[in-house]
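Trainee: here is a sequence with its predicted model. Questions after.
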Amino acid sequence: MRALVCRAWGPIDDLRVEEVAPPAPGPGQVLIDVRATGVNYADALMVAGQYQTKPAFPFSPGLETAGVVARCGEGVARYAPGDRVMALLAHGGFAEQAVAEAREAFAIPARMPFDEAGAFPVAYISSHVALRWQGRLEAGETLLVLGAAGGVGLTAVEIGKAMGARVIAAASTAEKLAVAGERGADALVDYASENLTDRVMALTGGKGADVCLDPVGGDLFDAALSSLGWGGRILLIGFVGGVPKIPANRLLVKHRAALGSSLRYFRWHAPDKLRRSVEELIDWYEAGRLRPYVTHRLPLARAVEAIRLLTDRRAHGKIVVVPDPAGG
């Protein structure tokens, strides 16, 4: 089969599409004929050797995928060959076939196309577990979303609305904010031209936001923390803008909390909650409340370009790599 292969830590430009031996499913695993794989910022981190886990060489990046079950490993009763599934992966999504743990594969709704399914698991589940289980977002609260047109940020806008929150979407351009507005954001903040803290305080009548979902970090973290009201919770789910320092005194005086939320570890430590998150997300999708926003569909031969589009911040929504553009 063809796969995008990493043979040493380094930049994504060192990756090559090669012919490799297909993987085989072990006990409790499924082999998937890949139809679409979502691109994530973590793919570049993994290739550079800067991710939380470091696979043995050679390996293919790709942390989520969607396709058709080709074969089931020993002990798998949940799925059968021919089933349409989307899955979280340890790695290996940028290939024509990938192996997933059966417990981390989920049936694709009948009306969901493969490109949407390939873009669904990481972004939507990351946002849901952060907001539902860590942030404990409640109906009627105000949710501030940074990077609101990115893969995770845009899903947080939709999920916040589905949970009954008032959503303030923050992004760096008018174009990105327009996308967040189309997905239901109640108010928009351009933090490239507006003071984030002042604007959020004005929009909330001086009360501040109840929850902030932050996939950006960096300099924005300080302004976002100041945007929280009493009892506010800021959820750290990524650091594309750099890793911030957290001043503990500013948490104490306003009864605030700074909480990390990592899907990679959550799925290991709370699999029951993970499955409940997926069930709720699928219910919302089938009710028309979630609309995955896929902006680019590139063939496997252009997988490096697909990752670069994301790391250079030249795309919003989700990007997917499609091994066979004619494969549906």
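Mentor: Sure, I can see it. If you're wondering where the values come from, they're calculated on a predicted model, not measured in any experiment.

Trainee: so the most centrally placed residue in the chain versus residue 215, what's the distance?
Mentor: Centroid-nearest residue in the chain: residue 123, 2.1 Å away (criterion: C-alpha atoms, centre = their mean). Going from residue 123 to residue 215 by C-beta to C-beta, to the nearest Å gives 10 Å. C-beta here means a position set from N, CA and C on the backbone, and glycine is covered the same way.

Trainee: find residues that contact each of these two.
Mentor: Common neighbours of residue 123 and residue 215 (criterion: C-beta atoms under 8 Å, 6 or more residues apart in numbering): residue 152.

Trainee: am I right that the residue nearest to the centre of the chain sits in a strand?
Mentor: No. Secondary structure of residue 123 (DSSP: H, G, I helix; E, B strand; the rest coil): helix, not part of a strand.

Trainee: next helix or strand past the longest helix anywhere in the chain?
Mentor: Ordering each helix of the chain by length in residues (DSSP state H) puts helix 271-286 first. The element immediately downstream of helix 271-286 (helix or strand, assigned by DSSP states H and E) is strand 294-299.

Trainee: run through who's touching that next one.
Mentor: With contacts defined as C-beta under 8 Å, 6+ apart, strand 294-299 is touched by 36, 115-116, 119, 305-306, 309, 315-323, 325.

Trainee: next, the buried residues of the following helix or strand past that strand.
Mentor: On the C-terminal side of strand 294-299, the nearest following helix or strand under DSSP H and E is helix 303-311. Buried residues in helix 303-311, counted by 16 or more other C-beta atoms under 10 Å: 303, 304, 306, 307, 308, 309, 310, 311.

Trainee: domain boundaries for the chain, per the record?
Mentor: Listed domain ranges for the chain are 2-120+292-322, 123-264 (source: automatic domain parsing).

Trainee: ok, which of these comes nearest residue 281?
Mentor: Proximity to residue 281, assessed across the domains of the chain by C-beta to C-beta, is greatest for domain 123-264 (5.3 Å).

Trainee: now the end-to-end length of the closest one.
Mentor: End-to-end span of domain 123-264 (C-alpha to C-alpha, to the nearest Å): 12 Å.

Trainee: do stretch 252-271 as well
Mentor: 32 Å.

Trainee: circling back: including pLDDT and distance to residue 178, could the buried residues of helix 303-311 go into JSON lines?
Mentor: Output for the buried residues of helix 303-311, formatted as JSON lines (pLDDT from 0 to 100; distance: C-beta to C-beta, whole Å):
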{"residue": "303", "pLDDT": "98", "distance to residue 178": "28"}
{"residue": "304", "pLDDT": "98", "distance to residue 178": "29"}
{"residue": "306", "pLDDT": "97", "distance to residue 178": "23"}
{"residue": "307", "pLDDT": "97", "distance to residue 178": "25"}
{"residue": "308", "pLDDT": "96", "distance to residue 178": "24"}
{"residue": "309", "pLDDT": "94", "distance to residue 178": "19"}
{"residue": "310", "pLDDT": "91", "distance to residue 178": "20"}
{"residue": "311", "pLDDT": "89", "distance to residue 178": "23"}
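
Trainee: if we can go back for a sec, turn the domains of the chain into CSV, including distance to residue 285.
Mentor: CSV is the format used below for those (distance: least, C-beta to C-beta, whole Å):
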stretch, distance to residue 285
domain 2-120+292-322, 6
domain 123-264, 8
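
Trainee: out of those domains, which comes closest to residue 275?
Mentor: From the domains of the chain, taking C-beta to C-beta, the stretch that ends up closest is domain 2-120+292-322, at 8.1 Å.

Trainee: picking up where we left off before, the residue nearest to the centre of the chain and residue 157 touch, don't they?
Mentor: No. Counting by C-beta atoms under 8 Å, residue 123 sits too far from residue 157 to count as a contact (11.3 Å).

Trainee: can you check what pLDDT the model gives residue 288?
Mentor: Residue 288 is assigned 95 on the pLDDT scale.

Trainee: residue 158 versus that one, what's the distance?
Mentor: Per C-beta to C-beta, residue 288 is found 11 Å from residue 158.

Trainee: ok, residue 167 - contacts?
Mentor: Taking C-beta under 8 Å, 6+ apart as the test, what residue 167 contacts is 142, 143, 145, 157, 160, 161, 184, 185, 186, 187.
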